[in-house]
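Colleague: sequence and predicted model, in that order:
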Amino acid sequence: MKILVTGGAGYIGSATAGQLLQAGHRVTVLDDLSRGHREAVPEGAELVVADLADRERLDRLFREAGFDGVMHFAAFIEAGESMKSPEAFFRNNTANALIVLETMLKHGVKKFVFSSTAALFGNPKRTPIEEDDALQPTNAYGESKLLTERMLSWLQRIHGLRYASLRYFNAAGAVSPQHGEAHQPETHLIPRLMLVALGRQPYSEIFGTDYPTPDGTCVRDYIHVSDLAEAHLLALNALEKADKLIYNLGSGKGFSVREVVEGVRRVTGHSIPVKESPRRPGDPAVLIASSEKIRRELNWTPKYPDLESILESAWEWHRNFPNGYAKKSG
């Protein structure tokens with residue numbers, strides 16, 4: 001198939017674009033490079049640098065390319081930032097997604113794989129979280145994704161759009177020693193800890209130590225980015241027969257912030273100083289996924305089921321690229 005990957009210069013989008021190419025698909029990456037990296041786009045993919053809000057450019061791209069499907073990763077992802085500037089998240093994550101969907105419908109493209117999030121669930125009443133649990137985001141980021149999911153449901157019912165919504169938990173790790181996680185600024189826990197180990201930062205912050213968890217810090221479910229990418233390909237193939245797919249993606253195991261810090265200390269051999277700071281607005285205490293549904297229905301089997309292997313792959317990437325994609329070390 002010929003697939004458009006929006007946000008394909010980003011962390012998860014580029015990993016998925018790489019697996020699409022390996023599976024024999026033709027890939028066009030559309031990214032404005034505001035948060036993605038040209039160097040992350042896998043060899044063999046066509047890169048189109050454009051803004052999703054540019055309807056004319058998007059329309060021309062669809063008219064010329066003849067896509068069979070779209071994988072949509074282009075979004076702002078920082079929950080804390082969404083609580084300071086929610087309007088930016090609704091414009092980029094929700095309104096721009098609608099522009100993509102309208103363009104798809106105009107050109108008869110009916111397969112859409114959506115990069116969704118566990119932030120839809122807010123503070124869950126139970127864990128592990130299942131797909132039919134209540135959707136009650138505690139931050140604007142989660143709400144921006146939930147609004148898109150609601151749009152998808154209506155477009156499926158009224159226009160026959162086939163879609164998969166993949167609600168993943170904490171993506172982590174590196175695809176290879178050459179392709180990993182690099183955000184500017186970096187706010188994700190594991191890469192922040194790696195930067196401390198590299199001597200790029202003096203310490204890492206722990207946001208909140210008074211949560212109702214065993215050690216007082218947030219508990220999260222970590223999943224390797226390559227396993228996430230594989231789930232996207234499985235979902236794309238399943239849309240040949242299915243009209244609507246909704247899956248949680250995670251390991252089913254939770255690790256507290258303090259446990260992740262200890263894991264990074266083991267893997268890197270560095271002491272990793274930390275500073276305790278107040279909670280960030282909108283952070284749920286515990287997010288752990290049940291991925292039994294996608295395991296059962298699509299035979300998805302994570303290849304990196306444990307935190308240690310995820311951390312080891314991340315450490316190898318960060319040692320090779322201490323400045324992210326800006327410059328390779330050595």
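Modeller: Thanks, I have the structure now.

Colleague: just so I have it, where are all the strands in the stretch 101-250 of the chain?
Modeller: 111-117, 162-168, 170-172, 204-207, 219-220, 222-224, 244-249 (DSSP state E, counting those that start in this stretch).

Colleague: redo these as JSON lines? Include distance to His232.
Modeller: Where C-beta positions appear, they are placed from N, C-alpha and C, glycine not excepted. Converted to JSON lines, those look like this (distance: least, Cβ to Cβ, whole Å):
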{"stretch": "strand 111-117", "distance to His232": "5"}
{"stretch": "strand 162-168", "distance to His232": "6"}
{"stretch": "strand 170-172", "distance to His232": "12"}
{"stretch": "strand 204-207", "distance to His232": "29"}
{"stretch": "strand 219-220", "distance to His232": "21"}
{"stretch": "strand 222-224", "distance to His232": "12"}
{"stretch": "strand 244-249", "distance to His232": "9"}
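
Colleague: need the ones you listed in JSON lines (columns: mean neighbour count).
Modeller: Formatted as JSON lines, the strands of the stretch 101-250 of the chain follow (neighbours: other Cβ atoms under 10 Å):
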{"stretch": "strand 111-117", "mean neighbour count": "25"}
{"stretch": "strand 162-168", "mean neighbour count": "24"}
{"stretch": "strand 170-172", "mean neighbour count": "23"}
{"stretch": "strand 204-207", "mean neighbour count": "19"}
{"stretch": "strand 219-220", "mean neighbour count": "24"}
{"stretch": "strand 222-224", "mean neighbour count": "25"}
{"stretch": "strand 244-249", "mean neighbour count": "22"}
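
Colleague: tell me which of the ones you listed sits nearest to Val274.
Modeller: Closest to Val274 of the strands of the stretch 101-250 of the chain is strand 204-207 (Cβ to Cβ; 5.4 Å).

Colleague: Glu297 is nearest to which of the strands of the stretch 101-250 of the chain?
Modeller: Of the strands of the stretch 101-250 of the chain, nearest to Glu297 by Cβ to Cβ is strand 244-249, at 7.9 Å.

Colleague: state the distance from Glu46 to Val29.
Modeller: 7 Å (Cβ to Cβ, to the nearest Å).

Colleague: ok, now Gly80?
Modeller: Per Cβ to Cβ, Gly80 is found 27 Å from Val29.

Colleague: picking that back up, and the strands of the stretch 101-250 of the chain: which comes nearest Ala40?
Modeller: Closest to Ala40 of these is strand 170-172 (Cβ to Cβ; 13.9 Å).
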